[in-house]
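# sequence first, predicted coordinates after that:
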Amino acid sequence: MTTPEVAGRADEPADGALPDPVRVGRIEFVNCFPLYHHFERELAARGVAATIVEGYPSALNEMLVNGALDVALPSSIAYARDAGELALLPQVSISSLGAVDSVQLFTRVPLSEVRRIALTEKSATSICLLKVLCREWGLEPEFAPRRGSLAEVLADFDGLLLIGDEALYVLRAEVYPYHYDLGAEWQKVTGLPMVFAVCAVRREFTAARPAAAAAVGAALLASRDDCAAHPAETAAAAAQRYDFSQRYLMEYFDKLKFGFTPEYRAGLREFYRRAAAIGELDAVPVIDEAAADSPSADPSATSAAAAAPAATSAAAAGTV
């Protein structure tokens, strides 16, 4: 955890006291590296201090809903299930248009023969997406939480759903004879991008500190843009932290999308519609199209001051 000390923070109290640092969740997988590599620097430049809390997506989802975090990138399905407590920061997501590599269904038999699937405990969106896709594939497998080692799972289950770095490791090691990239499979079914995570803020936080909430979104995008401008340097820096080569990470980062354009919002709405159809959602949250990035706009140009009204109005109107 780090707490940069800077002067002139956004939403500074009238009595001159320094506001509490924003509690920001960071998914500890390599896929988030471009969003966070320069995040603290960019946030400090916007006058906001932060405490960074790392964890798996499922753990950060729970912390955000329980009020232990102010802002995070929750699984997109987790956001939908708690949209009453959360508002979207409209510029950021973790998405793919086709293959994503780090969300994989591994099987030891052909897909048509799969009867039992072990599920990672680290994800929410990927589990729901797999269930949506199983319906499209005409499969009704038994699902169970993953327990034990990879060898034990191989012995007891036909398939295993993995996400994040673990999925990349197993994919690279070619442990299973078959694998299905859920980002690619979703695109085959719908023709749309898949939004795995969104950037969400607690409604009470964005109501109290809209400029600070917006600064988080702007800082994430600024980090992304700096990393995109220097792909070799970014991959080299990530390789020092994670067990992947620079070349591998340059290819992997190129597959990930971190914006939230209307096209990606359309993919998210379709995912929610299909999730509701199989009973994974009680209600489909409305996604405010007016807050989306323009496809031709440079999202990194969004300033905290410009983004704050959008975040505040979305929270007040209950439209996200």
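That came through, no problem. Numbering: from 1, shown residues only.
# starting at the chain centroid, how far to stretch 98-113?
Centroid separation between stretch 98-113 and its chain, computed with CA atoms, centre = their mean, to the nearest Å, is 20 Å.
# then stretch 85-97?
Worked out by CA atoms, centre = their mean, stretch 85-97 lies 7 Å from the chain centre.
# is the most centrally placed residue in the chain in a helix, a strand, or coil?
Note on the chain: the residue nearest the mean C-alpha position is Ala197, at 2.6 Å, using CA atoms, centre = their mean. For Ala197, the assignment made with DSSP: H, G, I helix; E, B strand; the rest coil gives strand.
# how close does it get to Glu280?
Separation of Ala197 from Glu280 (CB to CB, to the nearest Å): 16 Å. Placement of C-beta: from N, CA and C, glycine included.
# and Val170, by the same measure?
Taking CB to CB, one finds Val170 at 25 Å from Glu280.
# do the same with Ala144
For Ala144 relative to Glu280 (CB to CB), the value is 17 Å.
# the residue nearest to the centre of the chain against Ser126, yeah?
No: the criterion here is CB atoms under 8 Å, and Ala197 misses it with Ser126 at 10.2 Å.
# so what secondary structure elements neighbour the host helix or strand of Gly217?
Gly217 belongs to helix 210-229 when assigned by DSSP states H and E. Contact partners of helix 210-229 among helices and strands, from 3 or more CB pairs under 8 Å, 6 or more residues apart in numbering; DSSP states H and E: strand 22-27, helix 33-36, helix 39-45, strand 86-96, strand 194-202, helix 203-208, helix 304-317.
# how many neighbouring residues does the nearest residue to Ala78 once chain neighbours are set aside have?
If the residues on either side of it in the chain are set aside, Ala78 comes closest to Asn61, at 4.0 Å by CB to CB, 6 or more residues apart in numbering. Neighbours of Asn61 under the rule other CB atoms under 10 Å: 27.
# can you tell me the SS state at Asn61?
helix.
# equivalent analysis for Gln104, please.
Gln104 ends up strand, using three-state DSSP.
# which strand residues bridge it?
Taking DSSP bridges as the rule, Gln104 bridges to Leu162, Asp181.
# surely Glu113 touches Pro141?
No: if you go by CB under 8 Å, Glu113 and Pro141 don't touch, sitting 10.1 Å apart.
# what do these two both touch?
Asp158 (CB atoms under 8 Å, 6 or more residues apart in numbering).
# more neighbours, those two?
Neighbour totals were compared for Glu113 and Pro141, and Pro141 leads with 16 against 12 (other CB under 10 Å).
# re the thing from before, between Ala144 and Glu280, which has more neighbouring residues?
Neighbour count, other CB under 10 Å: between Ala144 and Glu280, Glu280 has more, with 19 against 13.
# doesn't the more buried one lie inside a helix?
No: Glu280 sits outside any helix when classified using three-state DSSP, being coil.
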